[in-house]
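Visitor: Following is a predicted model, sequence given first.
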Amino acid sequence: MAWQFMRALVWDGKEDFRCETVSDPEIEDPREAIIKVTSCAICGSDLHLFHNFVPAMLPGDIMGHEMMGGVVEVGSGVNGHLKKGDRIVVPFTIICDESEQCKRGNFSVCETTNRKKALAEKMFGHAVTGLFGYTHLTGGHQGGQAEYLRVPFADRTQIKVPDNLTDEQVLFLGDLFPTDWQAAFQCDIEPTDTVAIWGCGPVGQMAICSAILLGAKQVVDIDRLSERPGMADAGGATTINFSEESVIERLNDLTGGKDPQKCIDAVGTESHVSLSMPDTGYDRAKQVMMLENDRPHVLREMIYVCRLAGVISIPGVYSGRVDKIPMGQTMNKGLTWRMGQTHVNRWTDDLLRRIEEGQTDPSLVITRTAALKNGPEMYKMFRDKQNCCITVVLKP
């Protein structure tokens, strides 16, 4: 190969991401490929690593799981599925397409691609799939916020995209768009449904789009930052600013006293609510004492407001143990929970077609584009929601 070193964003500790010079990736197995990254994104779940809420990160780990680029090298075992010059989006889930779960389309629980199975089994009971740029519990695979990326199982872990679509239109096929599509799809949305979505960041924005495409009668989004609900309004949702009004009372009004049939948690582990809420102070105190991993206020609120026999869908990432979940309410109301990492390749053919036909344009959620070298400051801007920052795309 003609290169030896590259620039990449690496994890050096809590709230310490740096753009450093690291060794270029090399093909380690015949089924692998190397891509030159043309675009990558900062995802909300990257912030969980930034804040060190997710265990098993090591200094020097390369960040990023939402990326795309051009193929520059292929292994002998790729068998014609890829060639040099192909333009691909890389799913954040690494799949073999041969395991029992892959054959069922359950790609996010592929039984082959986690290189740290013994570690993962101690945490989860069974090893889940390998993920790019995430914790060593999911394999310790290096991420794509870098100039180059090694793609394991590249004959299957890829989405070929046409040249007539921009990077910005297709980049989110690797995570954001299929994540929100799965979240809405597993709600079994019917034409009479109200779908309530907690969180109005990039996940919430695309969940609104997905719920509307799947035919929801009404979509309601709950957030607190004025510019984000404004974008949600433009996307066709009714918004609730939880810092100014009661979520429970407003949802009751919007549904004629019946509450939403379907609820989506697009927040996950780091819910931000007023410290005047009793459960918020409780969760933060337990986090400080390392007795709880996550802040599940959103889950509690969803369980309380979801209509009888409704569905709770959870695309938001949770990292470990949570406390004071009202299971009695869940059981007695007959609620169905659906959750999990995204089975990306199950959805991407359909979603790429929808983008090509103009049904949706994922690039509309992008609010910042910056050079890879500016990644550390972009992480802080994204974390602090400065200057209406909703989604950041980095260009290596």
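Guide: In hand now; what should we look at?

Visitor: Could you check how many residues crowd around S210?
Guide: 29 (other Cβ atoms under 10 Å). (Glycine included, C-beta is placed from N, CA and C.)

Visitor: isn't it right up against A183?
Guide: Yes. The pair S210 / A183 is scored as a contact, 7.1 Å apart, by Cβ atoms under 8 Å.

Visitor: Stretch 160-180: how far from the chain's middle?
Guide: If you compare the mean C-alpha spot of stretch 160-180 with that of the full chain, they lie 14 Å apart, counting by Cα atoms, centre = their mean, to the nearest Å.

Visitor: Oops, could you answer that again for stretch 90-100 instead?
Guide: On Cα atoms, centre = their mean, the centre of stretch 90-100 falls 16 Å from the chain's centre.

Visitor: Next, the distance between the ends of that stretch.
Guide: End-to-end distance of stretch 90-100: 22 Å, with Cα to Cα, to the nearest Å as the criterion.

Visitor: avg pLDDT for it?
Guide: Stretch 90-100 comes out with an average pLDDT of 97.

Visitor: Low-confidence stretches in the stretch 1-150 of the chain?
Guide: Within the stretch 1-150 of the chain, the ranges that satisfy pLDDT under 70 run 1-3.

Visitor: Enumerate the strands of it by residue range, in sequence order.
Guide: With strands called from DSSP state E, counting those that start in this stretch, the stretch 1-150 of the chain shows them at 5-11, 17-23, 33-42, 61-62, 67-74, 87-90, 93-94, 130-131, 148-151.

Visitor: For R115, give me its contacts.
Guide: G130, G139, G140, H141 (Cβ atoms under 8 Å, 6 or more residues apart in numbering).

Visitor: how about 7 Å then?
Guide: G130, G139, G140 (Cβ atoms under 7 Å, 6 or more residues apart in numbering).

Visitor: Please apply the same query to G340.
Guide: Contacts of G340 by Cβ under 7 Å, 6+ apart are S108.

Visitor: Now I189, what are its backbone angles?
Guide: As for I189, its main-chain torsions (degrees, to the nearest 10) stand at phi -70, psi 130.

Visitor: Skip the chain neighbours and tell me the closest residue to L173.
Guide: Once flanking residues are discounted, L173 sits nearest to V89: 4.7 Å by Cβ to Cβ, 6 or more residues apart in numbering.

Visitor: per-domain residue ranges of this structure.
Guide: Domain assignment of the chain by automatic domain parsing yields the ranges 5-175+342-395, 178-339.

Visitor: Next one: the residue nearest to L173 from D175, what distance?
Guide: 9 Å (Cβ to Cβ, to the nearest Å).

Visitor: shared neighbours of these two, which are they?
Guide: Common neighbours of V89 and D175, counting by Cβ under 7 Å, 6+ apart, are absent.

Visitor: which residues touch the nearest residue to A8 once chain neighbours are set aside?
Guide: Closest residue to A8 apart from its sequence neighbours, by Cβ to Cβ, 6+ apart: A146 at 3.5 Å. A146 is in contact with M6, R7, A8, V37, I62, G64, P396, counting by Cβ under 7 Å, 6+ apart.

Visitor: How about I42?
Guide: Residues in contact with I42 (Cβ under 7 Å, 6+ apart) are M378, Y379, F382, V392, L394.

Visitor: Secondary structure for those - can I get that in a markdown table?
Guide: Shown next, in a markdown table, are the contacts of I42 (DSSP: H, G, I helix; E, B strand; the rest coil):
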| residue | secondary structure |
| --- | --- |
| M378 | helix |
| Y379 | helix |
| F382 | helix |
| V392 | strand |
| L394 | strand |
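
Visitor: Report the lowest-confidence entry in the residues you listed.
Guide: F382 (93).

Visitor: Quick one: neighbours of that residue, just the number.
Guide: F382: 25 surrounding residues under other Cβ under 10 Å.

Visitor: That one and I390 touch, don't they?
Guide: No. Using Cβ atoms under 7 Å, F382 makes no contact with I390, being 8.5 Å away.

Visitor: now K286, nearest residue through space, not along the chain?
Guide: Sequence neighbours aside, E292 is the residue nearest to K286 in space, at 3.7 Å (criterion: Cβ to Cβ, 6+ apart).

Visitor: Enumerate every residue touching that neighbour.
Guide: By Cβ under 7 Å, 6+ apart, the contact set of E292 is D283, K286, R321, V322, D323.

Visitor: now swap in H343 and tell me
Guide: G105, N106, F107, S108, Q182.

Visitor: so who does the first one touch?
Guide: With contacts taken as Cβ under 7 Å, 6+ apart, G105 has the following neighbours: H343, R346.

Visitor: Torsion angles phi and psi at it?
Guide: Per-residue torsions, G105: phi 80, psi 10 (degrees, to the nearest 10).

Visitor: quick one: it from L254, how far?
Guide: Distance of G105 to L254, given as Cβ to Cβ: 35 Å.
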